[in-house]
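[1] the sequence and its predicted three-dimensional model are supplied below.
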Amino acid sequence: MVLMPLAKLGRSGLNTLQRIGRAHLLLIACLFGSSELLWRPRLFTAQLFNIGVLSLLIVGISGLFVGMVLGLQGYYVLAQFGAAQSLGVMVATSLVRELGPVVTALLVAGRAGSALTAEIGLMKATEQLASLEMMAVDPVRRILTPRLFGGIVAMPLLAALFSAVGVLGGYFVGVGLLGVDDGAFWSQMQAKVDFQEDVVNGMIKSLVFGVLVTWIALFQGYESAPTAEGVSRATTRSVVHAALVVLGVDFVLTALMFGE
Amino acid sequence: MNKRYGIEVMVGIFMMLGVLALFFLAMQVSNLNLNAATEGYRVTAHFSNVGSIKARSPVTMAGVRIGQVEAVQFDKASYEAIVTLRINAGIDTIPVDTFANIFTSGLLGEQYLALSAGGSPDYLRDGDEITNTQSALVLEEMIGQFLFKKAQEGG
């Protein structure tokens, strides 16, 4: 029985590969089902409401506080070099390039991704998905596709809001509280932040994160064991995997976009 | 006014907010300027050393930004740098004998091109060249000269 551990290792490897394969098949099925959205746009609007509008408050408040903290900390470091007027550049660049897309993706994974997983897991556990299939309605097209596209559309909009509110938060702290010059704050920011290089790349990042976070949430829900324990595990995995994948992919995207 | 209508209104507001935020980032935070390429006029200046001046560096007069650097090229005949400046359209009374300096804002700040007005009654027009230029101060060169002088005094 020397081969037992080897067989175990091989089995887990095969299982992982199969899961990854099934996840990709699910994504392809969702994308092919996108024509459904043209006939039933209201399915899409409802999901945009669930993922986007309901995340608005947490994203806005987090953005404000992240921007304010950046203002405080950035001022402390920059003032040592006599460069406190570059505070606007520092706040805006770090928000638009990194913090906006990444923190929004983490927040949405926690706020909306977990809800998507639990919803679909429960639909599976209570055999709602099976009943849809009984009625010749494809559950992937009817249930998963609108959620996927809701996430893809909502994420860049939320990230833009996060960055914009964050810049205003940094402005309040820097100019209002710490006395950085108003004109220098904005003019240096406008001179140094590039639309193509910074804003557009940040938006591309958050679009990719939107696909990843909703895709992982949907797949975990769809694959969850149809029990209470299975749904709870799937929800945990959804948030953990989404956070890890977002941070890992962020590094790759940053290296591709901003690295030389 | 059923529930579905309310949801659609909220989604509409959400999408509008998102697009507005993007618009804010584009216009207020970054330097997106849709009619930037056409406005203003261009003048050139030769420098023997431009330091870290590059495209989009500010051009100022009396400390006020009046334009920006459009391009920095190398002239292989004279081994000098040719800097193309774009001056804002409203600023059309710059004398032809204006002096162009490269300064640094603060000790570690970015470099910018400062113009100080001359006394000529003729004004710079599109395509003209500023002939009075002073190169960027390179800190290492200055330290080198200082040390050299000290060594001479001591020796």
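    Thanks, I have it.
[2] please count neighbours and contacts with C-alpha atoms only from this point.
    Fine.
[3] for chain B, which segments count as helices?
    In chain B, the helices defined using DSSP state H lie at B:3-24, B:139-154.
[4] report the rounded mean pLDDT for the shortest one.
    Confidence for helix B:139-154, expressed as mean pLDDT, is 86.
[5] what about dumping the CA coordinates of it to PDB?
    What follows is helix B:139-154, C-alpha atoms only, in PDB (Å, rounded to 0.1, in the frame of the first residue of the first chain):
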ATOM      1  CA  LEU B 139      23.000  69.500  -8.700                       C
ATOM      2  CA  GLU B 140      25.900  67.100  -9.200                       C
ATOM      3  CA  GLU B 141      27.600  69.600 -11.500                       C
ATOM      4  CA  MET B 142      27.300  72.400  -9.000                       C
ATOM      5  CA  ILE B 143      28.700  70.200  -6.200                       C
ATOM      6  CA  GLY B 144      31.500  69.200  -8.500                       C
ATOM      7  CA  GLN B 145      32.400  72.800  -9.300                       C
ATOM      8  CA  PHE B 146      32.200  73.700  -5.600                       C
ATOM      9  CA  LEU B 147      34.600  70.900  -4.600                       C
ATOM     10  CA  PHE B 148      37.000  71.800  -7.400                       C
ATOM     11  CA  LYS B 149      37.100  75.400  -6.300                       C
ATOM     12  CA  LYS B 150      37.600  74.400  -2.700                       C
ATOM     13  CA  ALA B 151      40.500  72.100  -3.700                       C
ATOM     14  CA  GLN B 152      42.100  74.900  -5.700                       C
ATOM     15  CA  GLU B 153      41.900  77.300  -2.800                       C
ATOM     16  CA  GLY B 154      43.300  74.800  -0.400                       C
END
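[6] follow-up on the earlier one: mean neighbour count and distance to chain A added to the helices of chain B, as CSV?
    Shown next, in CSV, are the helices of chain B (neighbours: other C-alpha atoms under 10 Å in any protein chain shown; distance: least, C-alpha to the nearest C-alpha, whole Å):
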stretch, mean neighbour count, distance to chain A
helix B:3-24, 16, 4
helix B:139-154, 10, 17
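[7] need the longest strand for chain B.
    Counting by DSSP state E, the longest strand found in chain B is strand B:64-75.
[8] report the distance from that one to the chain centre.
    5 Å (C-alpha atoms, centre = their mean, to the nearest Å).
[9] could you list the low-pLDDT ranges of the chain?
    This is for chain A. A:260 (pLDDT under 70).
[10] actually chain B
    Looking at chain B by pLDDT under 70, you get B:1-2, B:31-38, B:106-109, B:155.
[11] related to what we said a few turns ago, closest one to residue B:104 among the helices of chain B?
    Of all the helices of chain B, it is helix B:139-154 that lies closest to residue B:104, at 10.9 Å by C-alpha to C-alpha.
[12] what's next to that closest one, contact-wise?
    The contact list for helix B:139-154, computed with C-alpha atoms under 8 Å, 6 or more residues apart in numbering or on different chains, is empty.
[13] what count of nearby residues applies to the closest residue to residue B:74 other than its chain neighbours?
    Excluding the flanking residues, the one nearest residue B:74 by C-alpha to C-alpha, 6 or more residues apart in numbering or on different chains is residue B:81, at 4.6 Å. Around residue B:81 there are 18 other residues, counting by other C-alpha atoms under 10 Å in any protein chain shown.
[14] how far away is residue B:81 from chain A?
    As for residue B:81, its distance to chain A is 23 Å (criterion: C-alpha to the nearest C-alpha, to the nearest Å).
[15] any idea how far residue B:41 is from that residue?
    In this view, residue B:81 and residue B:41 are 20 Å apart by C-alpha to C-alpha, to the nearest Å.
[16] would you mind listing what in chain A touches chain B?
    A:45-46, A:48-49, A:52-53, A:56, A:81-83, A:92, A:156-158, A:160-161, A:163-164, A:186, A:189-195, A:199 (C-alpha under 8 Å from any C-alpha of the partner chain).
[17] among these, name the ones in helices.
    Applying DSSP H to the residues of chain A next to chain B, the entries found in helices are A:45-46, A:48-49, A:56, A:92, A:156-158, A:160-161, A:163-164, A:186, A:189-192.
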